[in-house]
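K.L.:
Predicted model and sequence follow; I will ask about them next.
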There are 2 protein chains.
Amino acid sequence: MPHEKNYSISELANEFDISPRTIRFYEEKRLISPKRSKGNYRIYSRKDRTRLKLILRGKRFGYTLEEIAEMIGMTDVDMSEIAQIERSLAYGEKKLKEIRGRIEELRLLEQDLLNVGEKLAGRLKDLRRRESTSPDPDPDDATE
Amino acid sequence: MPHEKNYSISELANEFDISPRTIRFYEEKRLISPKRSKGNYRIYSRKDRTRLKLILRGKRFGYTLEEIAEMIGMTDVDMSEIAQIERSLAYGEKKLKEIRGRIEELRLLEQDLLNVGEKLAGRLKDLRRRESTSPDPDPDDATE
DNA sequence: CTTGTCCTTGACGTAAACGTTAGCTTGAGT
DNA sequence: ACTCAAGCTAACGTTTACGTCAAGGACAAG
């Protein structure tokens, strides 16, 4: 008898700091499909919770709900047809490349911020050492 | 005499594969401020181009234009007031943490995809080795 | 000087992702 | 049995980020 921890809609909403409406909206868009209780309340399983987490993670990277729906579709393919699985694998490969590209971009952004930070810090030291001098040129531009 | 390469709106639009309208929209929202030609055409400098690239990069990570505006405000602080610079540095620190967090998350997503991929690949091998057997259980769940 | 292409500023339209209100039901607690 | 927070559906409202005309100026080519 697996006591499989379950959740109410507001429990999840609180945990992930979103509104119940948001969760219901995801259901409308068929991204999640909780069971229902006797009185028609939504019951979220641990798996549902995991899925919600995936949805939110996707959102944080600017994926649309539609794109997320696709990705999710991939994670719960019915595991029966060979062709299906092959397509899923191909899709996964594509997504992996995308994600690795994004990681690269984030590294660039990180570098930009670090550079700006250094420049600011340098300028700050200057300003503090000599309490008034001439203005200086403008070495600008960011990561290509 | 610095010939400072300039760009028209459609040049940038084509380069980054967005519409001119989109660029004008960013201007409305004060994320970019090109000079104007004699005939009131927008003229984008190399710096403007760099800024546009930053905007688009931000978008790819799901930042709203408003958030991007804040970040950008940071990159071109007027470099004069000590307090200003200190605030900018603090803001930069925050953003850095955020970005590093995102990189971590992407790693998790990458792992999820890799795991799913392995599972699928395994299943595929099974299906191909024996061309019909009994169905099997369900080892599921993703990265916590 | 006309034509064609690109540019300009409005102004209205729209899809995505929820927010909000209304009206009614459920079910845990006393 | 009563209360009342928490759920439910249905429907309309809102914000963000542009798309899409409309009506006209700019400018290189012929």
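P.N.:
Received it, and whenever you're ready, just let me know what you need. Because the structure is predicted, anything quoted here is derived from the model rather than measured. Numbering: from 1, shown residues only, chains lettered A, B, ... in the order given.
K.L.:
Go ahead and report the secondary structure state at the residue nearest the centre of chain A.
P.N.:
In chain A, the C-alpha closest to the average C-alpha coordinate belongs to A:Arg57, at a distance of 2.7 Å (CA atoms, centre = their mean). At A:Arg57 the chain is in helix, as set by DSSP: H, G, I helix; E, B strand; the rest coil.
K.L.:
does chain B sit close to stretch A:54-61?
P.N.:
Yes. Contact of stretch A:54-61 with chain B (CB under 8 Å from any CB of the partner chain) involves A:54, A:57, A:59-61. (C-beta placed from N, C-alpha, C; glycine too.)
K.L.:
Could you look up the SS state of the residue of chain A found nearest chain B?
P.N.:
When scored by CB to the nearest CB, chain A has A:Gly62 as its residue closest to chain B, at 3.3 Å. For A:Gly62, the secondary-structure state derived from three-state DSSP is coil.
K.L.:
What is the burial count for it?
P.N.:
If you count neighbours by other CB atoms under 10 Å in any protein chain shown, A:Gly62 ends up with 14.
K.L.:
And it, how close does it get to DNA strand C?
P.N.:
Counting by CB to the nearest atom of the strand, to the nearest Å, the separation of A:Gly62 from DNA strand C is 9 Å.
K.L.:
ok, that residue - contacts?
P.N.:
Contacts for A:Gly62 (CB atoms under 8 Å, 6 or more residues apart in numbering or on different chains) come out as B:59-63.
K.L.:
Could you single out the nearest of those to DNA strand D?
P.N.:
Within these, the smallest distance to DNA strand D is 5.7 Å, found for B:Lys59 (CB to the nearest atom of the strand).
K.L.:
do you know how far the residue of chain A closest to chain B is from A:Lys97?
P.N.:
From A:Gly62 across to A:Lys97, the span is 17 Å (CB to CB, to the nearest Å).
K.L.:
cool, A:Phe61 as well?
P.N.:
Plainly put, A:Phe61 is 14 Å away from A:Lys97 if you go by CB to CB.
K.L.:
Please name every helix or strand in contact with the lowest-mean-pLDDT helix or strand in chain A.
P.N.:
Among the helices and strands of chain A, helix A:65-75 carries the lowest confidence by mean pLDDT, DSSP states H and E, at a mean of 81. When contacts are defined as 3 or more CB pairs under 8 Å, 6 or more residues apart in numbering or on different chains; DSSP states H and E, helix A:65-75 packs onto helix A:46-60, helix A:82-129, helix B:82-129.
K.L.:
The closest residue to DNA strand C within chain A - how many residues pack around it?
P.N.:
With CB to the nearest atom of the strand, the shortest gap between chain A and DNA strand C falls at A:Gly39, namely 2.2 Å. Applying other CB under 10 Å, we find 5 residues neighbouring A:Gly39.
K.L.:
helix, strand or coil for it?
P.N.:
Per three-state DSSP, the local secondary structure of A:Gly39 is coil.
K.L.:
where are the low-confidence patches of chain A?
P.N.:
With pLDDT under 70 as the threshold, chain A has low-confidence stretches at A:1-3, A:74-81, A:130-144.
K.L.:
how about 80 then?
P.N.:
Residues of chain A that meet the criterion pLDDT under 80 lie in A:1-4, A:72-85, A:87-88, A:109, A:112-113, A:116, A:129-144.
K.L.:
can you list the residues of it near DNA strand C?
P.N.:
Applying CB under 7 Å from any atom of the strand, one finds that chain A approaches DNA strand C through A:18-19, A:21-22, A:25, A:29, A:37-41, A:59, A:64-66.
K.L.:
Any quick ChimeraX command for the buried ones out of the residues you listed?
P.N.:
Below is the selection syntax for ChimeraX that covers the buried ones among the residues of chain A next to DNA strand C, with 16 or more other CB atoms under 10 Å in any protein chain shown defining burial:
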select /A:18,22,59,65
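K.L.:
out of the residues of chain A next to DNA strand C, which one sits closest to DNA strand D?
P.N.:
The nearest member of the residues of chain A next to DNA strand C to DNA strand D, counting by CB to the nearest atom of the strand, is A:Tyr41 at 4.1 Å.
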